[in-house]
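Student: I would like the atomic coordinates for the input below:
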Amino acid sequence: MSEKRKEKRVEEEIKVAIKLLPEEKYQHDKNIVYALTKDISSGGVKIVTDKMLPIDTLLKIELTLAKIRKLVEATAKVRWVNRLYDDDVFEMGLEFVDTPAGSVMLLLEYIYGLEEQTKEKK
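Tutor: Alright, predicted model coming up:
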């Protein structure tokens, strides 16, 4: 099977705070979901969480790139969902949409910086 992804991805486990959009539609304490990333690219992120989010749900995500200590904020849309353990754990693909150029640049620098570090260690 050939790879369909356009962007370089890195496997990375980072805590993510997710706000469901539009925020005014949700009660304040119910519009925040926490997740862990499985991989990251400049175009999106794969997450694992205990909350099921329907496909096409619009989200605001915040994640801190630990190795460079930078916060990335982006708007994303749920593109696919897999149930991992019945209704307890879900894996989802989020595509970044309307993401500020600065956030995209941070992600690119981070991803390619990690790749260079890995090459240097070999």
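Student: What residues does the nearest residue in space to Tyr110 that is not next to it in sequence make contact with?
Tutor: Nearest residue to Tyr110, sequence neighbours excluded (CB to CB, 6 or more residues apart in numbering): Leu65, at 4.9 Å. In short, each C-beta sits where N, CA and C put it, glycine included. Leu65 is in contact with Ile14, Leu71, Val72, Leu106, Leu107, Tyr110, counting by CB atoms under 8 Å, 6 or more residues apart in numbering.
Student: Identify those among those residues that sit within helices.
Tutor: Cross-referencing the contacts of Leu65 against helices under DSSP state H gives Leu106, Leu107, Tyr110.
Student: which residues does the residue nearest the centre of the chain form a beta bridge with?
Tutor: When CA atoms, centre = their mean is applied to the chain, the residue found nearest the centroid is Val45 (3.2 Å). Beta-bridge pairing for Val45 (DSSP bridges): Ile40, Leu94.
Student: just checking, it touches Leu59?
Tutor: No - counting by CB atoms under 8 Å, Val45 stays clear of Leu59, with 10.3 Å between them.
Student: between those two, what contacts are shared?
Tutor: Counting by CB under 8 Å, 6+ apart, the shared contacts of Val45 and Leu59 are Ala76, Leu94.
Student: that older thread, list just the nearest of the ones in helices among the contacts of Leu65 to Glu95.
Tutor: Using CB to CB, Leu107 comes nearest to Glu95 of these, at 13.0 Å.
Student: what residues are up against the closest one?
Tutor: Neighbouring residues of Leu107 by CB under 8 Å, 6+ apart: Ile40, Ser41, Ser42, Leu65, Val72.
Student: quick revisit: most neighbours among the contacts of Leu65, which one is it?
Tutor: Most neighbours among these, by other CB atoms under 10 Å: Leu107, with 25 neighbours.
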